[in-house]
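1. Here is my input, please return the structure:
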Amino acid sequence: MQGLLEAGANVAVGVQSDRFRGRAEAILGEFAGEGQRTGVFCCDVGDDALIEASADRVAEILETDTVHSLCHSIAYATAHGMQSPFLECTREDFRVAHEVSAYSLVAVARAFQPMLAK
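-> Predicted structure coming up:
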């Protein structure tokens with residue numbers, strides 16, 4: 001993100017909850033130049049309605065209906081899944097980890113597809 005900001009890009013950052021908002025805002029504030037459009041929005045990628053709404057929120061933040069790049073950097077696992085030996089991973093732990101960490105890329109890309117520059 002630092003490199004994008006230093007290059008003058010407008011950047012909107014999605015975080016899972018307000019708990020993570022402060023760190024993202026600090027990075028934006030540290031590296032964004034004057035006049036750059038930046039902002040932070042919450043989006044729990046386990047909720048399709050929030051994913052759909054995030055595209056509108058990004059359009060508001062960036063004041064445009066075109067996005068040139070989309071970065072998906074999401075990983076999640078349940079506490080049990082993280083703390084247990086590999087062979088004790090349950091089907092539910094595995095499903096949740098893949099739904100949030102991998103499938104969310106499909107859902108996010110689908111929501112932003114109309115905005116992606118051709």
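
2. any idea how far the residue lying closest to Ser17 once chain neighbours are set aside lies from Gly33?
-> Sequence neighbours aside, Cys42 is the residue nearest to Ser17 in space, at 5.9 Å (criterion: Cβ to Cβ, 6 or more residues apart in numbering). Bear in mind the C-beta positions are built from the backbone N, C-alpha and C, glycine included. Computed as Cβ to Cβ, to the nearest Å, the Cys42 to Gly33 distance reads 25 Å.

3. List phi and psi for the residue minimising distance to the centre of the chain.
-> The chain has Gly14 as the residue nearest its centroid, 3.9 Å off, counting by Cα atoms, centre = their mean. Per-residue torsions, Gly14: phi -100, psi 130 (degrees, to the nearest 10).

4. dump the residue contacts of it.
-> Val40, Phe41, Cys42, Cys43, Ser54, Val58 (Cβ atoms under 8 Å, 6 or more residues apart in numbering).

5. If you count neighbours, what's buried in the lowest-mean-pLDDT helix or strand in the chain?
-> Lowest on mean pLDDT, DSSP states H and E among the helices and strands of the chain sits helix 2-6, with a mean of 90. By 16 or more other Cβ atoms under 10 Å, the buried positions in helix 2-6 come out as Leu5.

6. The residue nearest to Ser17 bridge partners, please.
-> Applying DSSP bridges to Cys42 gives these bridge partners: Val15.

7. Show the contacting residues for Glu92.
-> Residues in contact with Glu92 (Cβ under 8 Å, 6+ apart) are Thr78.

8. you'd agree it is in a helix?
-> Yes. Counting by DSSP: H, G, I helix; E, B strand; the rest coil, Glu92 is found in a helix.

9. before we move on, back to that, considering the contacts of Gly14, which is situated nearest to Ala97?
-> Among the contacts of Gly14, Cys43 lies closest to Ala97 (Cβ to Cβ), at 18.2 Å.

10. The closest one reaches Ser17, doesn't it?
-> No. Counting by Cβ atoms under 8 Å, Cys43 stays clear of Ser17, with 9.3 Å between them.
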